[in-house]
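> Model the structure of this input:
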Amino acid sequence: MNKRQFLSLATFGLGTLISAPGSQAATGPKLPARSVTLDDVTFSWRHDNTSLIGTLSAPTKGWIAVGFNEKPELKNTRFIMAATSLAPIRAEEHIARVPDHTSVTELGLKPALKLAQGSYADGRSHLEFQISQKIAGRPALSLAPGSRVHVMLAWSQAAAFDHHSAWRKHFPLTL
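Next up is the predicted model:
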């Protein structure tokens, strides 16, 4: 699958994600999708009134992850981790507690992840997700349009969440 095919699929998937049965339809104007690609890993996002809607694609059969932090560090990064090659897929929201990470539910926090779906095809894992723009608790986080955050993209060669990343990048981004 080339980049154009993936972006077409991701755009279609985002439309499906928003209008999926049981989900609330977005109201008001939608902001256009934005995208970043590093080392064959692509993260795309857009916003509706209450959510950041994203897609992540990486060249692995293992888990993939996208995370957000207000500081330029791994500690306290809130991230979505998914193993899309499993049936059914496994997707969880975690917080980095360096050197490990813990699911938000185990920490007694309310999950901000509203919806996650994914697939694995042609050597690539694909994740589509919807997460609240305003995340309360410790650490509090804003994923609203224009918010300046530090993004973490990562993937592993193994689907088990206790395996460390084989590839990980952190960078500042304005959503």
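> those helices in this protein, which residues are they?
3-18 (DSSP state H).
> any low-confidence regions in it?
For the chain, applying pLDDT under 70 flags the ranges 1-31.
> In contact with L38, which residues?
L153, K169, F171 (CB atoms under 8 Å, 6 or more residues apart in numbering). C-beta coordinates here come from the backbone N, C-alpha and C atoms, glycine included.
> which of those residues count as buried?
Among these, those classed as buried by 16 or more other CB atoms under 10 Å are L153.
> Now distance to A116 too, for the contacts of L38, in a markdown table please.
Shown next, in a markdown table, are those (distance: CB to CB, whole Å):
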| residue | distance to A116 |
| --- | --- |
| L153 | 16 |
| K169 | 21 |
| F171 | 23 |
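> The spatially most central residue of the chain and V151: what is the separation?
The structure's the chain has its C-alpha centroid closest to V66; by CA atoms, centre = their mean the separation is 4.1 Å. From V66 over to V151 the distance is 7 Å, taken as CB to CB, to the nearest Å.
> can you check V36 too?
Taking CB to CB, one finds V36 at 8 Å from V151.
> Overlap of the contact sets of these two?
F43, F171, L173.
> from the residues you listed, which is closest to L141?
Of all those, L141 sits closest to L173, with 13.1 Å by CB to CB.
> Okay, and the beta partners of the closest one?
L173 forms beta bridges with V149, as assigned by DSSP bridges.
> So for V36 and V151, which residue has more residues nearby?
Per other CB atoms under 10 Å, whichever of V36 and V151 has more neighbours is V151, with 20 against 14.
> Tell me which residues touch K114, please.
Going by CB under 8 Å, 6+ apart, K114 touches S23, S51, Q130, I131, S132.
> now with 7 Å?
S51, Q130, I131, S132 (CB atoms under 7 Å, 6 or more residues apart in numbering).
> same check, this time on H126
By CB under 7 Å, 6+ apart, the residues touching H126 are T55, S57, T84, G118, S119.
> So which residues of the protein form strands?
Applying DSSP state E to the chain gives strands spanning 34-38, 41-47, 51-58, 64-69, 78-83, 90-96, 101-103, 113-121, 124-132, 134-135, 141-142, 148-155, 167-174.
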